[in-house]
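> Model the structure of this input:
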Amino acid sequence: MEVTQQLERDGYLIKIIFCPYIENYHWEVFNDNYLVETSREFGDGFDSEDECIKYASTFIRNYRDDNGFS
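Prediction:
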């Protein structure tokens, strides 16, 4: 697995990871070096980095809303 991008959204670090053996992307979301969530728990992955970033950003928005951090 290879980290292809790292970016920040609303104080959270998103790591985009390419998995060459299954040829898709996954995301991991961190807050203060703590792993909050990973897309590997949800399914087979994403076809592109852009799609991965979109879903990671949606996760962060929903996580913040659900936990009253808005």
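> Distance check, the residue most central in space within the chain against residue 64.
The centroid of the chain falls nearest to residue 27 when counting by CA atoms, centre = their mean (3.0 Å). Residue 27 sits 16 Å away from residue 64, going by CB to CB, to the nearest Å. C-beta coordinates here come from the backbone N, C-alpha and C atoms, glycine included.
> for the chain, which spans come out with low pLDDT?
41-43, 70 (pLDDT under 70).
> now with 80?
22, 41-44, 70 (pLDDT under 80).
> could you pull out the strands for it?
2-9, 12-19, 24-31, 34-38 (DSSP state E).
> quick one, which of those is packed in tightest?
Highest mean neighbour count among the strands of the chain (mean count of other CB atoms under 10 Å): strand 24-31, with a mean of 20.
> Show me the contact partners of that strand.
4, 11-19, 35-40, 44-49, 51-53, 55-56, 59-60, 63 (CB atoms under 8 Å, 6 or more residues apart in numbering).
> repeat for stretch 9-16
3-8, 25-31, 36, 49, 52-53, 56-57, 60-61, 64.
> okay, that stretch in CSV with CA atoms only?
Provided in CSV are the C-alpha atoms of stretch 9-16 (Å, rounded to 0.1, in the frame of the first residue of the first chain):
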residue,chain,number,x,y,z
ARG,A,9,-10.2,19.1,5.8
ASP,A,10,-11.7,20.9,8.8
GLY,A,11,-8.7,20.0,11.0
TYR,A,12,-8.7,16.4,10.1
LEU,A,13,-5.9,14.7,8.1
ILE,A,14,-7.0,12.6,5.1
LYS,A,15,-4.6,10.0,3.7
ILE,A,16,-5.4,8.5,0.3
